[in-house]
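Student: Could you look at this predicted model? Sequence included:
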Amino acid sequence: QLRLTESGGGMVQVGESLRLSCTTSDRTFRRHAVGWFRQSPGKEREWVATIDWSGDSKYYADSAKGRFTISRDHAMNTVYLQMSALKPEDTAVYYCNSHQHSTRYTDWDLKVWGQGTLVTVSS
């Protein structure tokens, strides 16, 4: 399993935007489907979005549709999560994870996680 590093979190006001990054030094990352997940205080970690290895297929949780955009840059070996119109309920630690074959996160071995990046949305 790849060791991934998340960054880009911070404290923003309601309605503002943030872009999160997920990267690794492992060049096989470009052949992996990558997903973003988040965990709010007192809640279980939940899936947010997934992008396939090519960047052509993207999937979103209902909470993210219309506000979040997942993308990737193979040259930078990075996957991004552009978050707009942020709400207080988006406050969470955001994590990324990946899988070499499946875009279905339920198929993934979600046991190893990075440190995540904290997003705080204040009203």
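Tutor: Received it, and whenever you're ready, just let me know what you need.

Student: ok, for R45, nearest residue in space, not its chain neighbours?
Tutor: Closest residue to R45 apart from its sequence neighbours, by Cβ to Cβ, 6 or more residues apart in numbering: Q39 at 4.1 Å. To be clear about C-beta, it is placed using only N, CA and C from the backbone, and glycine gets the same treatment.

Student: can you pull the contacts of that neighbour?
Tutor: Contacts for Q39 (Cβ atoms under 8 Å, 6 or more residues apart in numbering) come out as R45, E46, A92, V93, Y95, G116.

Student: and it, what pLDDT?
Tutor: pLDDT recorded at Q39 is 98.

Student: what separates the residue lying closest to F37 once chain neighbours are set aside from A75, distance-wise?
Tutor: Leaving aside its chain neighbours, F37 sits nearest to Y95 (4.8 Å; criterion: Cβ to Cβ, 6+ apart). Note on Y95: its distance to A75, by Cβ to Cβ, to the nearest Å, is 23 Å.

Student: between these two, which one's more packed in?
Tutor: Y95 (22 against 7; other Cβ atoms under 10 Å).

Student: Checking the more buried one next. Helix, strand or coil?
Tutor: strand (DSSP: H, G, I helix; E, B strand; the rest coil).

Student: Wait, D52 touches T103, no?
Tutor: Yes: look at D52 against T103 with Cβ atoms under 8 Å: they come within range, at 5.1 Å.
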